[in-house]
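Q: Next come a sequence and a model predicted from it.
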Amino acid sequence: MLADKLNPFIIRYNELSKQLSSPDITSDIKRMTLLSREQSSLLKIVEKAKEYQALVKDIADAKVMLGDSEMFEMAKEELRELEPRKPELEEEIKLLLLPKDPNDDRNIIVELRAGAGGDEAAIFVGDLFDAYTRYADLKGWSVELISTSPSDAGGFKEVIALIKGDQVYSRLKYEGGIHRVQRVPATESQGRVHTSAITVAVMAEVDDVEIQINASDLKIDVMRSSGNGGQSVNTTDSAVRITHLPSGLVVTNQDGKSQHKNKDAAMKVLKARLYDIQMQEAQAKDSEARSAQVGTGDRSGRIRTYNYPQNRISDHRITLTLYRLAEIMHGGLLDEIIEPLIADHQGKMVDAAGL
């Protein structure tokens, strides 16, 4: 029974309350912080568990009253109000019982790169990044550019940015993969539709404790910056290239005028990439968990198509098609795609957990 699965959460929550009131804990800030976080993570499920237990009791009491002729009509009315709430509450609880992605609360580093399609792909990198920026504004998140590589025809060959805020990874993790765009380029005189593609990588931001890098494993080169960047460009060695020798990963950053800031930004990207590799390898070892996840699949796969002539946007993982491409892109209304992806993902997890 569902009620039996909820009791351990209530018991643990009460245990934590007692521990947090103990003088031994209140004098140990680190321990108190850990226990407070655990208790906070249990709060929603405990609240719903108590609500569910009270509802089940009220329904049982009302059914008993059905046997009393004087209370019969009142009991029927109570059951009409109470019983529809039970399946709704059970669904809410099932979602809360699902294992939480440990990265969901993290900020992200997102990388967009132009692929097949040349100039059109680069232009779409800029378009999609603009859509992400508008979406971030709607969510109250902040977007910090780490690195850009402008294209001569407009747009970008590459954009790397840090997006910070509440539950950023939990929503944008579904963006990783190949995004295909179909539209008529401005330079196309015959009106023919061209198809191009870009890749998006979404990586959780990590700290020094989670990813430790030995200085001996790094090869750091400094060089003159190239391209736009102000008066200091080509006059100081501010660009930084970091090579992680064990993995062969290379990160270059030249957007900032300060060599120190460029190095910090490059290290942030390197750590995120290394953490992402570790995460992908761990998921690959567990084929069942991997197949149940929507947002962390094979990044070589096409996940979405943007067809401008038809004003159509299609997500191929859940066969979702919307004829609101312009509104979604220009208004940052990505929740119209992300919410169905989350619902599909949660449904698969509920089935896998047998809830």
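A: It's in.
Q: which SS class is residue 242?
A: strand (DSSP: H, G, I helix; E, B strand; the rest coil).
Q: Can you mark which positions in whichever strand in the chain runs longest are buried?
A: Longest strand in the chain, counting residues (DSSP state E): strand 194-204. Judged by neighbour count (16 or more other CB atoms under 10 Å), strand 194-204 contains these buried residues: 194, 196, 197, 198, 199, 200, 201, 202, 203, 204. Every C-beta, even on glycine, is put in place using the N, C-alpha and C of the backbone.
Q: Residue 138 looks like it's in a helix, true?
A: Yes. With three-state DSSP as the criterion, residue 138 is assigned to a helix.
Q: And for it, the neighbour number?
A: Neighbour count of residue 138, defined by other CB atoms under 10 Å: 12.
Q: Could you measure from the residue nearest to it when sequence neighbours are not counted over to residue 315?
A: Leaving aside its sequence neighbours, residue 138 sits nearest to residue 332 (CB to CB, 6 or more residues apart in numbering; 5.3 Å). For residue 332, the distance to residue 315 equals 17 Å [CB to CB, to the nearest Å].
Q: And residue 238, by the same measure?
A: 40 Å.
Q: And those two? Which one has more around it.
A: Using other CB under 10 Å as the criterion, residue 238 and residue 315 rank with residue 238 on top: 24 against 20.
Q: From what I see, the more buried one and residue 263 are in contact.
A: No. Judged on CB atoms under 8 Å, residue 238 makes no contact with residue 263 at a distance of 9.6 Å.
Q: which parts of stretch 2-10 are buried?
A: By 16+ other CB under 10 Å, the buried positions in stretch 2-10 come out as 6, 9.
Q: er, stretch 111-123 I mean
A: For stretch 111-123, burial by neighbour count (16+ other CB under 10 Å) applies to 111, 112, 113, 114, 115, 117, 119, 120, 121, 122, 123.
Q: ok, and what's touching the host helix or strand of the third one?
A: So the one you mean is residue 113. Here residue 113 sits within strand 108-114, counting by DSSP states H and E. When contacts are defined by CB atoms under 8 Å, 6 or more residues apart in numbering, strand 108-114 is touched by residues 121-122, 124-125, 128-129, 132, 146, 151, 155-163, 168-169, 172-173, 175, 196, 198-205, 268-269, 272.
Q: Which of these fall within helices?
A: 121-122, 124-125, 128-129, 132, 168-169, 172, 268-269, 272 (DSSP state H).
Q: Which pLDDT does the model give the residue nearest to residue 138?
A: Looking at residue 332, its pLDDT is 88.
Q: What is the neighbour count of it?
A: Here the number of neighbours of residue 332 (other CB under 10 Å) works out to 18.
Q: now residue 182
A: For residue 182, the number of neighbouring residues by other CB under 10 Å comes to 17.
Q: And it, how far from residue 324?
A: In terms of CB to CB, residue 182 sits 16 Å off from residue 324.
Q: can you map out the strands along the stretch 1-150 of the chain?
A: Assignment of strands within the stretch 1-150 of the chain using DSSP state E, counting those that start in this stretch yields the ranges 108-114, 142-150.
Q: and the ones you listed, which one is worst for confidence?
A: Taking the mean pLDDT of the strands of the stretch 1-150 of the chain, strand 142-150 comes last: a mean of 90.
Q: Can you give the strand pairings for that strand, parallel or anti for each?
A: strand 156-164 (antiparallel) (DSSP bridges).
Q: Dump the buried residues of strand 194-204 to CSV, plus distance to residue 80 and pLDDT.
A: Compiled in CSV, the buried residues of strand 194-204 are given as follows (distance: CB to CB, whole Å; pLDDT from 0 to 100):
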residue, distance to residue 80, pLDDT
194, 59, 90
196, 57, 92
197, 55, 94
198, 54, 94
199, 54, 94
200, 49, 94
201, 52, 92
202, 46, 93
203, 51, 90
204, 47, 89
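Q: low-confidence ranges in the stretch 151-300 of the chain?
A: Along the stretch 151-300 of the chain, the model assigns pLDDT under 70 to residues 189, 208-210, 225-237, 256-257, 283-300.
Q: need the strands for it, in chain order.
A: 156-164, 177-183, 194-204, 218-223, 239-244, 249-253.
Q: roughly how far apart are residue 100 and residue 170?
A: With CB to CB as the criterion, residue 100 and residue 170 are 9 Å apart.
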